[in-house]
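1. Take a look and give me a structure for this.
(one chain, ligands or ions: 1)
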Amino acid sequence: MNLSKSKYCRGLQCPKMLWMEKYMPEEAVDPGNEAILETGNLVGDLAMGYFGDFTEVPYSDDKQDMVDETKRLIECGTENICEASFFFENLYCAVDILKKNGDGWDIVEVKSSTHISDIYLHDMAFQCYVLRGCGLKIKNVFNLHIDSSYVRYGELDLHKFLMLEDCTATVENLLPGIYENIRYICDYVDDAGSDEPDRELTAACNTPYQCVFKNYCYRNIPSPSVFDIAGMRTTTKYSLYNSGIVSFDDIISRKPKLNKNQLLQVESEYYNREPYVYKEEIRACLKDFTFPLYHLDFETTSFAIPPYDGMSPYEQLPFQYSLHIERKEGEEPEHREFLAKEGTDPRRALAESLCRDIPDNVRVLAYNMSFEKGVIKRLASMFDDLSGHLMKIHDNIRDLMTPFSNKLYYDKNFMGSYSIKYVLPAMCPGDPELNYAALNQIHKGDQASAAFADLANHTPEEIAETRKNLLAYCRLDTLAMVRILEKLREIIKD
Ligand code: SF4
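-> Now for the predicted structure:
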């Protein structure tokens, strides 16, 4: 079997993945990571210029063309070769940047993450093994990744945005095991032939990346199972599974050690229990939610390469909010909203609009308030003239999630979660007004984030349509909060 560096890394995670790719590729579920790949490409393109002039090996479907071109560039004395490609026996790799260093070469692997993970080290060790196998003298192996502490002002400073870390010593330590690893992976796939190999389900199915074949390999796991228990360590789930405790039936009969919340989830679902409620405690909580009550929700996006001054890589950039204002109990709330113009820095306009829409002395409600508070605090740190008002909004925020995260109200349909995506359908089942699935285009926060980040690249008609859909999505988030609070008020009434 031929191995590329990415196949090698997947084979290290689980060699059955490579068998599945060969014999049952149709069982793979698209991981939907186009945005991550696109970010990787953007950072990769920028990084090519990190060491000055460079020559890129042109992409070809035929890897041999790339290998031949690399050989030619090396022979004619090229110093920095990007996408330098090599075959060694049945192994293939393309090096992000191959940099001349005296009588040898340095390997530079580029990543769009902000830290080095173990799998990157294995990836670099594989490259080093292949290149040395081809007869190149490899002196150092570096990882070039994003520095999260970088703050952009003016032109992007590539040497501050990216951080070069020397991984030579760790890679050298991994090299003696590479041959064994390659043999094991190749033999595993070759020996199985077309007969599906048995493979124990382990935490490796999720790390370092979620396996795209999980739907297939886990198809016989009952639902619900130990894998559905919220707040349980992944290693604990697999150790229960491997000791034969899989279904909730198994848990009830064999009584493994669970914490209070885990037991609550399992027993509520298993015995089909009615919701339980601590009315007095909820009453005390709601007493603090005084009128007028401003239900607030932000949408944010982020960029690996910070587009505006004062921004760091992957910093959350707020571009939209929705506000439902309850003036009195029982009255329909008033709605206000803000959505930044695409392709502009949204922060100042959003902060000004927020200060116009929310007085500095009213109660503000958010669901999981640490996020909204973080956004407002960051805006306050940027705009001195608005800082006082923004910090008063910040201090006036209370959390609608508290009754649920503190388990003052629990419904079996929460399935151990207190995320609004579980709480809403359980509290307001079948309400057509609150149906995220019925929305156009944007159904989840990450879709809103991706849509806004890409909005300026579309036609005016597409932009208008997406803006309408973004507004509808965010509006539903705060309307959901209003309806959940109404339910809580009903529950504690008698
Ligand atoms: S789901 Fe797990 S066992 Fe199945 S191929 Fe993926 S990693 Fe291997």
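2. What parts of this structure come near the ligand?
-> Proximity of the chain to the ligand (C-beta under 6 Å from any ligand atom) is limited to residues C14, K16, M17, M20, R199, L201, A204, C205, C211, F213, K214, C217. No exception for glycine: its C-beta is placed from N, CA and C like everyone else's.
3. try 8 Å
-> 13-17, 19-20, 199-202, 204-205, 211-214, 216-218 (C-beta under 8 Å from any ligand atom).
4. Is D297 in a helix, a strand, or coil?
-> The three-state label for D297, taken from DSSP: H, G, I helix; E, B strand; the rest coil, comes out as strand.
5. Look at the residue nearest to it when sequence neighbours are not counted and say how many residues are nearby.
-> Closest residue in space to D297, ignoring its immediate chain neighbours: D477 at 4.2 Å, by C-beta to C-beta, 6 or more residues apart in numbering. Other residues lying near D477 total 22 when counted by other C-beta atoms under 10 Å.
6. Read off the pLDDT value for D477.
-> Listed pLDDT for D477 reads 96.
7. That one and Q64: what is the separation?
-> 53 Å (C-beta to C-beta, to the nearest Å).
8. One more: L354?
-> Taking C-beta to C-beta, one finds L354 at 58 Å from Q64.
9. rewinding a little: mind checking which of the residues of the chain next to the ligand land in helices?
-> When DSSP state H defines the helices, the subset of those inside them is Q13, P15, K16, M17, W19, M20, K214, Y216, C217.
10. Can you report how many residues neighbour the nearest residue to the last one once chain neighbours are set aside?
-> The spatially closest residue to C217, leaving aside those adjacent along the chain, is L201, at 6.4 Å (C-beta to C-beta, 6+ apart). The local packing count at L201 equals 17, with neighbours defined by other C-beta under 10 Å.
11. again with S194
-> Neighbours of S194 (other C-beta under 10 Å): 7.
12. Also E280?
-> E280: 10 neighbours (other C-beta under 10 Å).
13. distance of it from T290?
-> 18 Å.
14. same thing with D103?
-> In terms of C-beta to C-beta, D103 sits 75 Å off from T290.
15. Who has more neighbours out of those two?
-> Shown here are D103 and T290; by other C-beta under 10 Å, T290 has more neighbours (11 against 7).
16. Hmm, R363 and that one touching each other?
-> Yes: with contact defined as C-beta atoms under 8 Å, T290 counts as touching R363 (4.9 Å).
17. Now A426: phi and psi?
-> phi -80, psi -40 (degrees, to the nearest 10).
18. Just give the closest residue to it, not the sequence neighbours.
-> Per C-beta to C-beta, 6+ apart, closest to A426 is N413, 3.7 Å.
19. ok, and what's touching stretch 60-75?
-> For stretch 60-75, contacts defined as C-beta atoms under 8 Å, 6 or more residues apart in numbering pick out 55, 57-59, 81, 83-87, 92, 94, 98.
20. go again using 7 Å as the cut-off
-> Stretch 60-75 has contacts (C-beta atoms under 7 Å, 6 or more residues apart in numbering) with T55, V57, P58, I81, E83, A84, S85, F86, F87, Y92, A94.
21. chain center to the helix or strand K139 falls within: distance?
-> Per DSSP states H and E, K139 falls inside strand 138-146. Distance, stretch centre to chain centre, for strand 138-146: 25 Å (C-alpha atoms, centre = their mean, to the nearest Å).
22. For that strand, buried residues please.
-> Within strand 138-146, the residues that count as buried by 16 or more other C-beta atoms under 10 Å are I138, N140, V141, F142, N143, L144, H145, I146.
23. Same question for stretch 194-207.
-> Buried, per 16+ other C-beta under 10 Å, within stretch 194-207: R199, L201, A204, C205.
24. Quick check, the last one in contact with C211.
-> Yes: with contacts defined as C-beta atoms under 7 Å, C205 counts as touching C211 at a distance of 4.9 Å.
25. so what's the residue of the stretch 351-494 of the chain found nearest the ligand up against?
-> Across the stretch 351-494 of the chain, no residue is closer to the ligand than M415, which sits at 22.1 Å (C-beta to the nearest ligand atom). Residues in contact with M415, defined by C-beta under 7 Å, 6+ apart, are D228, A230, Q265, Y422.
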